[in-house]
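[1] Using only what follows, build the 3D model:
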Amino acid sequence: CQPVLASLDPTSETPVPPPPPPPARLPSLVAKSLLAEARLSWRTAGFEDPLDAPPLVYTPPLLDTFRTQTMRILFNSAVACALLLSASTSAFAPPNGRASSSVRAFGVRSALRSTAESSAPPSSTGVPDGINPEYAPLYQRKSRPEYVPGKISDPDYVRIFDTTLRDGEQSPGATLTSSEKLEIARMLAKLGVDVIEAGFPIASPDDFDAVRQIADVVGNEVFEDGYVPVICGLSRANEKDIKRAWDAVKGARRPRVHTFIATSKIHMETKLCKTPDEVVDIAVNAVTYAKGLGCEDIEFSPEDAGRSDPEFLYRILGEVIKAGATTLNIPDTTGWNMPWEFGGLIKMLRENVPGAENVVFSTHCQNDLGLATANSLAGAQNGARQLECTINGIGERAGNASLEEVVMSLALKGSTQFGGGPGTGKLYTAINPVHITPTSKMVAEYTGMKCQPHKAIVGANAFQHESGIHQDGMIKNKSTYEIMTPESIGLMRGDAQSGAGIVLGKHSGRNAVGTRLKELGYDLEPEKLNAVFARFKEVAEKKKGGLEDEDLEALVTDQAGLVNELWEVTGLHVSTGMSGIPTATVTMMGPDGVERYVAATGTGPVDAVYKAIDQITGVSVNLLSYSLASVTEGIQALATTRVMISPKTGGPNESLSTNAQSGITMEKKFSGAGSDTDIVVASARAYTSALNKLLSWNVRRKEMESQEEDDSVANSAISAGNAEVTVVGGHQP
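    I've put the predicted structure just below:
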């Protein structure tokens, strides 16, 4: 420490040495957490990566900031050393072990707390507490061929490429925060997807930061069986996009860049205004540039391939293979193809593209005609060995192929109905279906996009039976009307759904609520369970007869009390009627811990409440949609409100983002949900939830912009001092 501190003398021109490199393999997740914290501190001081930081001569303008950051690094390093020296080996996971389920975020405090809570290595089965032992085999991870870009040793194995965090987030109103994306990525890894497309890094600083965080964290969490997901970033076919994507994902053990350009006549002529020759040149240059950056796993997509000329596809795909592409993704971008058309296209490409034997063919099917899953499976039958899909089928317009539908179709029919392509025709994946329900519920909660009740596999009615004839059959033999068990996809139906469940009321304890939530598929962290339980107690005091399962799920969805809590409604009074002006008095607790109250009038009680909230928080937004629904029947039913907002253009909270497909920049949309027996209170909670998401997103964006501005000032100051600087990551001043 002393040489570093001595070098901070303002009169000294002594170079500051970079931090020493870490051991070849850190012995625990805790050490990784502390290292990540230290690296974040170093990047804040102006470096891309502290492990490669060059000597740098510091001048007085940068001194105070650097001293603060250096002290933070030294403190974190000291804590790491103390932990590693004093803790017993049983307190740490194996070097290549899977991250403990109790560790949800990287950082000093969270790592210490997680280590204290669970000192034993993670179970080889990964069976959650409270699950019936007879279901333990469902949690055994499935084997898969060793991952090699562009090759699969077993021709019957189908890779699952999940694009929930990229294409799924492009659904209007499905904005996710960085922390939500990280949690979803961890669930996808637990699910066992082969590739996670973490986002579109060029879209915004927040998107870049989220993708990089997933690459650095999830992309380096190795499970006990050696599995670690590929982390992929999307880019358009230009150098700026590709460089940004590579910078975001290169920290993963298995990074991939996915680049694309349109190939259909209508897209080339009207959107790109390019000739076919120009499009081929752009595609080849894009793949060549990505390979030149050091990326060995490159996916190329001819956008709108379903409406493209097959002869042109043969040409452009053959050229990108020569340039270094390892995966060829064939998108039915508009959902135009029939299954037999799309399957035939995959077969023709495999037979006619030069070098097709050296790449993996993939599908990406949109659901405009409701055929996304069918087209994906038709592609698999004809030789596609990577299928792109999303949790709950969310995505642009009508959505994408649904992961749960694709996976369970292959699980149930893959060994008998997929002959005709390479291999034996007995197709399989390494997905662990028991994690489907928890992942589905997490995505629905965080995006605010609830599945329709009759949605296949994960819909609320998928394993419900009301018809008397069906009920009779189910009582005699469940296989009469269920082709899979709900337990196989992680929905532990339990005794409650057979009429013998406990009633959850105001006298119920935390354990009872937590157990029921697990049966419903919600495996919540202790902090979130406490928040849900607190809301449960509030509602149970008002609602007679106890809470139904739907009520409990509504409380979980009530995001205002769970995430991004900058502002909280602490008091609310409204006055309305046929004579008089609707008036609302709202009291809110701000991020500074100070309560503020405002009275406002409006066209109705909800409008008055929203205007009061706007005045307190200082936001300027458009309310795009508002919906109110009763969770159950009866006068005492719980109400769930959902809203969607977007910042006003030119206002103080303007939030712009670039669409991955069109490249159009537009205002981001933020959704919120709230539940209460009082519809006005539910409305206030939903609106506050959406505002908190907006404000949190803006805070992160400003932090990124401020950091970039500081970097620019630092580079200018160093250049003025005639000092030599080498910037990590290839970013030149």
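
[2] how near is the residue nearest in space to the middle of the chain to Glu169?
    Central residue of the chain (Cα atoms, centre = their mean): Lys181, 2.9 Å from the mean position. Per Cβ to Cβ, to the nearest Å, Lys181 is found 8 Å from Glu169. Every residue, glycine included, has its C-beta placed from N, CA and C.

[3] anything in contact with each of these two?
    The contact sets of Lys181 and Glu169 overlap at Gly199 (Cβ atoms under 8 Å, 6 or more residues apart in numbering).

[4] hmm, back to that, which residues does the residue nearest to the centre of the chain contact?
    Here Lys181 is in contact with Leu165, Ala198, Gly199, Ala210, Gln213, Ile214 (criterion: Cβ under 8 Å, 6+ apart).

[5] how many neighbours does the fifth one have?
    Around Gln213 there are 22 other residues, counting by other Cβ atoms under 10 Å.

[6] How far off centre is the helix or strand harbouring Asn285?
    Using DSSP states H and E, Asn285 maps to helix 276-292. Offset of helix 276-292 from its chain centre (Cα atoms, centre = their mean, to the nearest Å): 29 Å.

[7] Output the contacting helices and strands for it.
    Packing partners of helix 276-292 (3 or more Cβ pairs under 8 Å, 6 or more residues apart in numbering; DSSP states H and E): helix 239-249, strand 255-262, strand 298-303, helix 310-323.

[8] So for Glu705, which of those sits nearest?
    Closest to Glu705 of the helices and strands packed on helix 276-292 is helix 239-249 (Cβ to Cβ; 15.5 Å).

[9] Figure out how far the closest one is from the centre of its chain.
    Chain-centre distance of helix 239-249: 19 Å, with Cα atoms, centre = their mean.

[10] ok, residues contacting that helix?
    By Cβ under 8 Å, 6+ apart, helix 239-249 touches 198-199, 201-202, 208, 211-212, 215, 219, 231-235, 255-259, 286, 289-290, 293-295, 729-730.

[11] What subset of those is buried?
    Of the members of these, the ones counted as buried by neighbours, 16 or more other Cβ atoms under 10 Å, are 198-199, 201-202, 208, 211-212, 215, 219, 231-235, 255-259, 286, 289-290, 293, 295.

[12] one step back: average pLDDT for the stretch of helix or strand the residue nearest to the centre of the chain belongs to?
    Per DSSP H and E, Lys181 falls inside helix 178-191. Taken as a whole, helix 178-191 has a mean pLDDT of 96.

[13] Quick check: next helix or strand after that helix?
    Tracing the chain C-terminally past helix 178-191 and defining elements by DSSP H and E, one meets strand 195-199 next.

[14] Quick check: which helices or strands does that following strand pack against?
    Packing contacts for strand 195-199, counted by 3+ Cβ pairs under 8 Å, 6+ apart, involve strand 159-162, helix 178-191, helix 205-217, strand 230-236, helix 239-249.

[15] Tell me which of those sits nearest to Arg141.
    Closest to Arg141 of the helices and strands packed on strand 195-199, according to Cβ to Cβ: helix 178-191, at 9.3 Å.

[16] Skipping its backbone neighbours, what lies nearest Asp162 in space?
    Using Cβ to Cβ, 6 or more residues apart in numbering and skipping residues adjacent in sequence, the residue nearest Asp162 is Val193, 4.3 Å away.

[17] what's the distance between that neighbour and Glu705?
    On the measure of Cβ to Cβ, Val193 and Glu705 end up 33 Å apart.

[18] So between the two, which is more surrounded?
    Val193 (28 against 11).

[19] quick one: contacts for the more buried one?
    Applying Cβ under 8 Å, 6+ apart, the residues contacting Val193 are Ile160, Phe161, Asp162, Pro229, Leu403, Ile431.

[20] Kindly recompute the last result at 10 Å.
    Under the criterion of Cβ atoms under 10 Å, 6 or more residues apart in numbering, the neighbours of Val193 are 159-164, 185, 187, 229-230, 389, 391, 403, 407, 429-432, 439.

[21] same check, this time on Thr326
    Counting by Cβ under 10 Å, 6+ apart, the residues that Thr326 touches are 148-151, 256, 287, 291, 295-300, 320, 358-360.

[22] again, only using 6 Å
    Residues near Thr326 by Cβ atoms under 6 Å, 6 or more residues apart in numbering: Pro149, Gly150, Asp297, Ile298, Val359.
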